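[1] give me coordinates for this.
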Amino acid sequence: MPATTTVVVGAGHNGLAISHHLAERSIDHVVFERGRVGHSWRTQRWDSLRLLTPNWMTRLPGHGYDGDDPDGYLAAAQVADFITAYAAASSAPVRSETAVTAVRAADDGFTVSTDQGEWQARTVVLAAGITTCPLPPLAAALPAGIESITAVDYRNPGQLPEGGVLVVGAAASGIQIAEEIHRSGRPVTLATGEHVRAPRRYRDRDILWWLDAAGILDERWDRIDDIVRARNVASFQLAGGQRTIDLNALQAQGIRLVGKFAGIRDGNAQFSGSLRNVIALADLKLDRLLDTIDVYAGGHGERLEPTRVPDSPLLLDLTSGEIRSVVWATGIKPDHSWLELPVFDPRGRLRHSGGVVDWPGLYVTGLPVLRRRRSTYIDGASADAADLTTHLAGHLSGRGSDTTGQPEQTRTT
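    As a prediction, the model looks like this:
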């Protein structure tokens, strides 16, 4: 059985950032990728998608965007090319077309099973990438004849039958998909739960520029009051471009808003009556965010108009023929079902502290707000990888490390 010090599962930007820092420390390792490098960017994104972050934020350790449009937004295929070029430039030891099927405890670390054979490793880093987006249980209750598709499988409106579309979820994916489908000529109803409103630009700068400059993206996971909530909050209502897409913009285009999709009974879709409160909370959070930016920058910027609250129905007859398809933009999750270790909480979530999993030698990266708010974006991969490889090196040396990523012997308080 071949052996290595570290196995990295996933050759997306997070796995490659880990590989870079492992190589800097001369830690031998191998990176397993189930498809090609950048697999998910090539296969799990809709055709018109662009990054929410401007190009200048597309940077990995030792490698960054070097084109002539730093304030633009890369398309999914361009992100895949960027990651592929990074893998080649860093000479990462990637074994593509190799799917990890199991990770088990062994006498000195782990046994990693793949569809190409087994490996022995002292440490393992789960670099996300392997995601799941199953249809929610509600999909099974839809009346016959209504098609269902998840955001991961959605490519363009041409996939959908003619007629009305219900889009479920009003985070970044949901609002972009809803707008695109509406522009194709199909009537769209958007089921809106908790969301995070943000302007694309504020005080003549991209909103991400302000979050970066003001240090908001560098807030650490262990300084956030409710980290579980922070990791599960919806993504900003943003699209890759210069314009703001929020619920006001969608309503102005003719998209119908309803509350959170709560259930189906007697052929009727049931929607929560809390839409007014959900909208008010999103506007309140927006004002707080912009207040933080104003404190950093001085002065006071122009604010968005409050979100208009529609008189939305609580029921929608799904048997009338008005709705012909449903797009579920309800988020994706990492799939660690092949991990054969007792490291999950009662809700099936991986137990970890800042990416240090509750099992010696096991790490995870690529999750939202993993070690800092920046972790949610490509731009956060480098700092997270540096911290985790520091902890990993301490584990290998037997010195031990705390969850900040610093060896305990050198850590300062």
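
[2] low-scoring stretches of the stretch 301-413 of the chain, by residue?
    Residues of the stretch 301-413 of the chain that meet the criterion pLDDT under 70 lie in 400-413.

[3] all helices of it, in order?
    In the stretch 301-413 of the chain, the segments counted as helices under DSSP state H, counting those that start in this stretch are 381-397.

[4] now do the stretch 101-250 of the chain
    With DSSP H, counting those that start in this stretch as the criterion, the stretch 101-250 of the chain has helices at 172-183, 207-213, 227-232, 247-253.

[5] ok, which of those comes nearest V343?
    Of all the helices of the stretch 101-250 of the chain, it is helix 227-232 that lies closest to V343, at 16.4 Å by C-beta to C-beta. Glycine gets a C-beta too; all of them are placed from N, C-alpha and C.

[6] let me know the average pLDDT across that closest one.
    Here helix 227-232 scores 93 as its mean pLDDT.

[7] domain parsing for the protein?
    Domain segmentation of the chain under automatic domain parsing yields 3-132+332-397, 137-328.

[8] in the chain, where is pLDDT below threshold?
    Within the chain, the stretches with pLDDT under 70 are 129-133, 400-413.

[9] just checking: what are the partner strands of the lengthiest strand in it?
    The residue-count maximum for a strand in the chain (DSSP state E) belongs to strand 117-126. Its sheet considered, strand 117-126 pairs with strand 3-9 (parallel), strand 109-114 (antiparallel), strand 362-364 (parallel) by DSSP bridges.

[10] reformat the domains of the chain as CSV; add mean neighbour count.
    Formatted as CSV, the domains of the chain follow (neighbours: other C-beta atoms under 10 Å):
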stretch, mean neighbour count
domain 3-132+332-397, 20
domain 137-328, 17
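
[11] which of the helices of the stretch 101-250 of the chain sits closest to D66?
    helix 207-213 (18.7 Å).

[12] now do the closest one: distance to the chain's middle.
    Counting by C-alpha atoms, centre = their mean, to the nearest Å, helix 207-213 is centred 18 Å from the centre of its parent chain.

[13] helices and strands around it, which ones?
    Here helix 207-213 touches helix 275-297, going by 3 or more C-beta pairs under 8 Å, 6 or more residues apart in numbering; DSSP states H and E.

[14] rerun that using 10 Å as the cut-off
    Using 3 or more C-beta pairs under 10 Å, 6 or more residues apart in numbering; DSSP states H and E, the elements in contact with helix 207-213 are strand 201-202, strand 205-206, helix 275-297.

[15] which of these sits closest to A213?
    A213 sits nearest to helix 275-297 of all the helices and strands packed on helix 207-213, at 7.2 Å, using C-beta to C-beta.

[16] and the closest residue to Y154 other than its chain neighbours, how close does it get to L318?
    Of all residues not flanking Y154 in the chain, W46 sits nearest, at 5.2 Å (C-beta to C-beta, 6 or more residues apart in numbering). Separation of W46 from L318 (C-beta to C-beta, to the nearest Å): 24 Å.

[17] same check, this time on R303
    With distances taken as C-beta to C-beta, R303 is found 38 Å from L318.

[18] can you map out the strands along the stretch 51-200 of the chain?
    Remark: strands assigned in the stretch 51-200 of the chain by DSSP state E, counting those that start in this stretch are 59-60, 63-64, 94-95, 100-106, 109-114, 117-126, 131-132, 147-150, 164-168, 188-191.

[19] can you add distance to T244 and give those back as a markdown table?
    Output for those, formatted as a markdown table (distance: least, C-beta to C-beta, whole Å):
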| stretch | distance to T244 |
| --- | --- |
| strand 59-60 | 25 |
| strand 63-64 | 27 |
| strand 94-95 | 39 |
| strand 100-106 | 41 |
| strand 109-114 | 45 |
| strand 117-126 | 36 |
| strand 131-132 | 28 |
| strand 147-150 | 26 |
| strand 164-168 | 19 |
| strand 188-191 | 16 |
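
[20] so which of those is nearest F236?
    F236 lies closest to strand 188-191 among these, at 16.3 Å (C-beta to C-beta).
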